[in-house]
Every structure is written in C-alpha cells, then in structure tokens.
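> Here is my input; please provide its structure:
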Amino acid sequence: MEHLLGLNENQKEAVMHTDGPLLILAGAGAGKTRVITHRMLEIVRKGTAPKNILAITFTNKAAGEMRERVLKLLTQDAARNRPAFEPFVPPFVSTFHSLGLTIIKENSRALGFKRTPAIYDRADSMRAIKEALKSAGAEDIEPRAALSVISRSKGNGFGREEFGEKVENYRDELIAKTWDAYERLLREDGALDFDDLLLQAVKLLRKEESTRARYKERWPYIHIDEYQDTNRIQAELAGLLVGERKNICAVGDIDQTIYGWRGAEIANMLSFEKTFPGAHTIVLEENYRSTKTILAAANDVISKNVYRTEKNLFTKNADGEPMALYQAFDETDEALFIARKIGELREKGIRPRDMAVLYRANFQSRAIEEALIGSDIPYQVLGTRFFERKEVKDVLSFIKAAVYGTQGDIGRVANIPPRGIGKVTLLKMLMGKEGELRGGVGEKVAGFRTILSRIQEAASALPPSQLVTFVMRETGMERMYKEDKIEGAERLENIRELLSLASRYDGEEVPIGLEHFLESAALGSEQDELKDETNAVRLMTVHASKGLEFPYVFIAGLEEGLFPYARDDESASDREEERRLMYVALTRAGKKVFLSFASYRTMFGSKNATIPSQFLSDIPSEFIELEAPERLGRTIYLD
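From the prediction side, this is the model:
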C-alpha cells in the first residue's frame with residue numbers, strides 16, 4: 001500500500017473507491033489532481049489496462065500536468081513489479097474539446113467529412129460570422145453578440161434546426177439566417193468551429209448506439225475534473241460515455257463555479273447524485289497551499305453564499321501573515337503601491353514568478369503595466385493567446401490555406417508580404433473567378449498559388465518545425481521582419497517560439513504530426529502561455545487564474561461596481577458568482593495576499609469616486625493589516 005503514503009484519510013477513501021459513481025467535493029488546494037492520478041493507478045493495480053481509463057479536464061495545461069503525473073506513477077509502479085500491460089498504452093487524458101475532436105476524427109466518414117475537418121479558432125469564427133451577418137442582411141447585429149448566441153445554443157446541445165424552432169422575434173430570425181450562412185461557410189471549408197467539436201460528437205453518440213457502445217467498452221472508467229465548470233453539452237457527453245457499471249468519478253468545487261457567463265451549470269454538480277443514483281460523495285477539505293489566515297478569510301467570504309454544499313477548508317500550515325490592505329487615491333497610486341511591494345519582496349529574495357497580480361477586468365492592467373515598467377520589474381500578461389498574435393497566425397494560415405484550402409486563411413495571407421493583390425482581386429479569388437484575372441494581376445495571383453502549392457508539397461514531406469521554417473522563407477515573411485527595424489525582431493522571436501512548439505510533434509509520422517500541431521494551436525487557452533522557466537510577475541484576470549497558485553497574490557480594484565462587477569440586470573446567481581470569484585482569487589495565494597482599492601478610478605474616460613468592495617467588510621479585521629500611503633511629491637495646482 002506504499003502508493004497511498006502521504007494521502008490523508010479522505011483522499012485515501014476517494015482513491016480506493018473505484019467502482020460505481022463517485023462525487024469528490026474538493027476544496028481549493030485540497031490535492032484533487034493527486035487524488036485523480038492515484039485513483040487511476042489504483043484502478044490499474046486492480047487489473048484494468050491503463051488504456052481503458054479516461055480523464056477529462058478543461059485546459060491543455062491541466063491535461064498535460066495530469067498526463068505527466070499519472071505516467072510517472074504508472075512507470076514507478078511497474079518498476080516495482082506491479083501489474084504491467086503490454087503493449088503499454090497510457091490513460092486517455094484530454095480536454096473536453098480534444099475528446100470531441102478525437103471522436104469526430106475517428107468517425108469522420110459517418111459525419112460526412114471526406115477528410116479530417118479543419119478547426120476554426122475564435123478569430124476564424126469571428127471573421128466568418130462577420131461575413132455571414134453581411135450575407136444575411138443583419139449587419140446591425142454586433143458580430144460578437146451573434147457568435148455568442150450561436151455558441152450558447154450549441155453549448156446547450158442545440159443546433160441550427162432546434163434554434164429555428166424557438167425563434168421568438170425579428171432579431172432571432174436574423175441570427176437564424178446568419179447561422180445558416182455561417183454553417184455554409186464552415187461546410188465550404190470542410191471545417192468545424194470550437195463548439196461543434198462537442199455538439200457533433202454528442203449528436204453522433206446520441207444517434208449511433210453501436211458507436212456509443214464502442215466508446216463505453218474502450219473507457220469503462222471515466223474521470224471528470226472541474227465538474228462544476230461543465231455546461232449542458234459537456235455533461236451530456238460525459239453521460240453518454242458512462243457504461244452500465246456507472247464508473248464515473250466527478251471532481252469539483254461548487255465554490256469555484258465562476259463560468260456561468262460561459263454556460264457552466266452549477267446544477268450539474270448539485271444534481272450528480274440524482275443523475276447517478278447510489279453515488280458516493282467524499283469531501284476534501286484539507287488545504288495544502290494556503291496559510292490559516294488566508295483560508296479563514298476565504299471561508300468567511302464564501303459562507304455568505306446560499307447555493308453551495310457546506311464545506312469548510314482547514315490547513316495544518318502556519319497562521320501566516322495578515323493580509324495587507326491599501327486604500328489608493330486612484331488607479332495610478334494603486335499601481336505604484338503594487339510595484340513598490342513587488343520591489344520589496346524582490347529585495348527579500350522572492351522571485352518575480354512567485355507573484356501574481358489579479359484583477360476583475362482586463363482594462364485594469366494598463367496602469368499596473370506602466371508602474372512595473374517604470375520600476376524595471378519583469379512581467380507577463382495573460383490574455384492574448386500566443387496563437388492569436390498576428391505573425392504566428394499568419395504562419396498557421398499559410399499552412400492551413402495550403403493544406404485545407406480554407407477561404408478565410410487564403411484571404412488573410414494573400415497579401416502577406418504585400419504582393420499587390422487588391423480587394424477586388426481577392427474577392428474574385430475567393431469566388432473561384434481567377435480565370436478572369438489577366439496581365440500583371442493574374443501573374444501575382446499565380447505566384448501566390450505557386451507558394452501555396454510548394455507549402456502543400458512540403459507539408460506532406462517535412463516534420464512540423466521544418467515546415468514552419470520553410471513557410472517563413474518561402475513566403476518572404478522572414479525577410480520582411482528582418483527589414484522591419486521597429487517590431488520585426490519581436491515578431492521573428494514569436495515565430496521562432498512557434499517553431500519550438502512545432503518541434504514537439506516532429507517525432508510523429510508525417511503528416512500526422514502537422515495535424516496534431518494545428519489542432520493544439522486551435523485548442524490552446526490562456527494558461528498555455530505560462531512558462532515555468534519565465535521569471536516574471538504574472539498579470540491576469542481572476543477568471544484566468546483559476547487552477548493556478550502563487551505564494552504572493554495581489555488583488556486589485558476591490559470596489560463596488562468593479563469587483564463585485566455590476567450588471568444592469570444582475571440576478572442573485574450573478575451576485576453569488578462574483579463572491580465565488582473573490583473566493584477563487586484569495587485561494588490562489590499560499591503565503592500572503594495584498595488587497596487594494598482606489599478612492600477614484602477612471603472608467604470610460606471619466607474619473608469617478610468609488611465605494612470599497614463589500615468583500616472587504618466580509619473579512620474580519622484581525623486578518624487585515626492596513627498599509628500606509630506614500631504620496632509624497634504629489635503636485636496640487638490652485639487656480
């Protein structure tokens with residue numbers, strides 16, 4: 001039983017309970033990943049092959065860490081002469097969307113695809129929805145809003161037909177027409193969007209009993225991490241894969257449900273025992289991350305919520321320091337305070353990578369970035385995905401345009417670097433009327449098509465990293481950025497990073513490696529940007545911080561209307577979600593939390609007086625230490 005050493009009693013119970021439905025209510029920092037991986041090991045020790053175990057989570061980063069940890073456990077266990085399976089196939093650990101894509105690829109013919117479908121990322125979808133709105137005569141509708149309606153509908157398990165049956169007003173009629181045009185664009189490109197990866201997989205499993213049975217046989221043991229974040233379609237996908245023995249283990253924390261705006265349904269967690277009768281529930285309350293002070297404050301904040309399962313985190317860690325609270329004059333003063341405290345921590349030997357600054361809204365980062373730059377403090381902002389940077393997306397678009405012939409990618413790169421292809425010419429290209437182009441314009445288009453042909457040929461012969469290098473040189477992008485003395489060096493550096501990422505797939509068979517590389521680029525998330533070797537302070541929204549941990553955490557902008565965020569039509573559930581968001585922010589910290597708010601904050605171009613956040617009054621005064629202001633040198637002008 002040495003594999004159970006170091007686990008507390010509740011963790012051991014969760015690991016050993018391998019048969020039948022199991023719900024694990026795991027508080028922040030309670031070691032849930034450790035429990036899941038040790039539980040997979042226990043299932044293997046009882047005679048199940050690793051390949052018959054499925055584990056699903058939400059981000060590539062979380063899936064990668066879980067995959068590495070379970071492989072290490074299984075390898076160490078096999079070395080001690082425990083049950084070994086040959087040939088060894090590891091458990092299938094992936095995100096929901098990667099799982100959906102796997103099911104679609106394995107059944108692409110049944111779904112009507114002649115080849116593996118291309119994947120639209122969010123930027124591709126936004127481009128296509130703009131075109132679809134124009135085609136449907138619905139340009140008055142904001143593209144992001146139209147795409148949100150379609151995405152939410154797919155997340156609830158409804159396709160275009162079901163949406164059309166529920167149309168209630170003229171705006172919905174326009175969105176339905178837009179959806180038709182959007183789906184037509186997807187079909188023309190032989191592509192699926194992000195939400196289709198779940199919807200199409202679920203539709204197939206609903207319809208094909210034999211296909212459903214095949215996956216149930218493949219994965220008799222299922223683990224769902226972050227179950228509280230599942231929306232309707234994700235919960236249905238998991239349910240369709242559960243076999244007769246109901247060996248499903250759902251792990252989550254109602255107090256960390258912060259994605260209601262994205263369709264996450266807290267009801268999936270609350271109704272688990274009703275969905276799977278006879279389910280056993282285990283609560284993990286011992287926190288291994290934070291000090292007693294931080295946990296006491298977090299417990300006091302979250303206890304005000306009504307829609308939750310009673311749970312009280314505790315820890316054997318030290319009491320720790322009180323939380324610092326700073327009342328700033330404005331956002332500039334607040335940012336200077338944060339920079340000053342980070343500087344003091346650095347002087348004590350704390351690494352920048354061990355600190356994070358969290359905020360409710362992205363716009364708050366501007367003042368903080370300026371203060372960090374002025375103090376020469378290295379930082380990294382999570383928000384803009386690496387794969388959405390212009391130069392990176394251009395390289396990927398060249399590859400997809402060549403391999404898949406996707407119209408959006410052709411339109412994106414036809415004039416990169418500039419080759420004199422105008423809008424009218426591009427429109428004829430996309431409409432299949434290139435035969436009408438004559439003279440110099442025809443030669444330019446023919447030259448572009450030759451480049452795509454060479455890339456297509458290279459894609460079938462070169463590993464991904466060499467293909468990226470080929471694209472940079474063949475297209476002229478490398479030369480263009482070398483000649484750009486302002487941004488060129490940084491853009492080249494990002495393309496070299498893309499090359500480095502592509503090299504991870506060089507060991508796979510050509511062109512399978514390229515396919516997997518393009519899939520990972522389309523399915524990436526904000527947290528994939530985090531690199532452990534980067535020694536920099538992390539700046540991010542509280543939403544982006546979920547699942548991460550740092551010894552020192554700054555929570556900025558604790559003002560009514562900002563955090564908690566005010567909505568015109570807010571409901572009781574919205575207010576509870578904001579409180580859960582504060583709970584998540586506090587429990588990211590291991591050693592110390594710095595809280596701050598500004599008396600005046602500039603929003604939408606005007607400086608307004610603020611009221612301190614209600615969350616501050618939820619925290620008992622004995623856990624807080626006030627920070628003295630440092631405002632010497634402020635100039636006051638008198639008329």
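> Kindly state the beta-bridge partners for V593.
V553 (DSSP bridges).
> Next, count neighbours for it.
Neighbourhood size, V593 [other C-beta atoms under 10 Å]: 30. For every residue, glycine as well, the C-beta is placed using N, CA and C.
> Relative to F88, how far out is it?
Distance, V593 to F88, by C-beta to C-beta, to the nearest Å: 44 Å.
> again, but for G263
Note on G263: its distance to F88, by C-beta to C-beta, is 37 Å.
> out of these two, which sits in the busier spot?
Set G263 next to F88 and count neighbours by other C-beta under 10 Å: G263 wins out with 19 against 13.
> which ones are touching that one?
G263 sits next to 151-152, 155-156, 231-232 when contact means C-beta atoms under 8 Å, 6 or more residues apart in numbering.
> try G590
Per C-beta under 8 Å, 6+ apart, neighbours of G590: 289-291, 294, 549-552.
> just these now: which is nearest E331?
Among those, Y552 lies closest to E331 (C-beta to C-beta), at 20.7 Å.
> For the closest one, list the residues it contacts.
345, 350, 354-356, 589-592, 594.
> rewinding a little: now the contacts of G590 in JSON lines, with distance to L199?
Shown next, in JSON lines, are the contacts of G590 (distance: C-beta to C-beta, whole Å):
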{"residue": "R289", "distance to L199": "36"}
{"residue": "S290", "distance to L199": "39"}
{"residue": "T291", "distance to L199": "44"}
{"residue": "I294", "distance to L199": "40"}
{"residue": "E549", "distance to L199": "33"}
{"residue": "F550", "distance to L199": "36"}
{"residue": "P551", "distance to L199": "41"}
{"residue": "Y552", "distance to L199": "42"}
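> which of those are buried?
Listed as buried from the contacts of G590 are 289-291, 294, 550-552; burial here means 16 or more other C-beta atoms under 10 Å.
> Which of those fall within strands?
In strands, judged by DSSP state E, the following of those are found: 550-552.
> can you redo those residues as JSON lines with pLDDT?
Putting these into JSON lines (pLDDT from 0 to 100) gives the following:
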{"residue": "F550", "pLDDT": "96"}
{"residue": "P551", "pLDDT": "97"}
{"residue": "Y552", "pLDDT": "98"}
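> for stretch 444-453, which positions count as buried?
Under 16+ other C-beta under 10 Å, the buried positions of stretch 444-453 are 444-445, 448, 451-452.
> and if you look at stretch 394-410?
By neighbour count on 16+ other C-beta under 10 Å, the buried set for stretch 394-410 is 394-404, 406-410.
> from those residues, which ones fall inside helices?
Per DSSP state H, helices hold the following members of these: 394-403, 407-410.
> from the contacts of G263, which is closest to I611?
Of all these, R152 has the smallest distance to I611: 32.5 Å, by C-beta to C-beta.
> How far off centre is stretch 455-473?
28 Å (C-alpha atoms, centre = their mean, to the nearest Å).
> C-alpha coordinates for that stretch, PDB please?
Coordinates of each C-alpha in stretch 455-473 appear next as PDB, following Å, rounded to 0.1, in the frame of the first residue of the first chain:
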ATOM      1  CA  ILE A 455       3.900  24.600 -48.900                       C
ATOM      2  CA  GLN A 456       1.300  21.800 -49.600                       C
ATOM      3  CA  GLU A 457       4.100  19.700 -51.100                       C
ATOM      4  CA  ALA A 458       6.400  20.400 -48.200                       C
ATOM      5  CA  ALA A 459       3.600  19.600 -45.600                       C
ATOM      6  CA  SER A 460       3.500  16.100 -46.900                       C
ATOM      7  CA  ALA A 461       7.300  15.600 -46.600                       C
ATOM      8  CA  LEU A 462       8.600  17.700 -43.700                       C
ATOM      9  CA  PRO A 463       8.100  17.500 -40.000                       C
ATOM     10  CA  PRO A 464       6.200  20.500 -38.400                       C
ATOM     11  CA  SER A 465       9.200  22.500 -37.200                       C
ATOM     12  CA  GLN A 466      10.900  22.300 -40.600                       C
ATOM     13  CA  LEU A 467       7.600  23.200 -42.300                       C
ATOM     14  CA  VAL A 468       7.400  26.400 -40.200                       C
ATOM     15  CA  THR A 469      10.900  27.300 -41.300                       C
ATOM     16  CA  PHE A 470      10.000  26.600 -44.900                       C
ATOM     17  CA  VAL A 471       6.900  28.800 -44.700                       C
ATOM     18  CA  MET A 472       8.900  31.700 -43.200                       C
ATOM     19  CA  ARG A 473      11.400  31.700 -46.000                       C
END
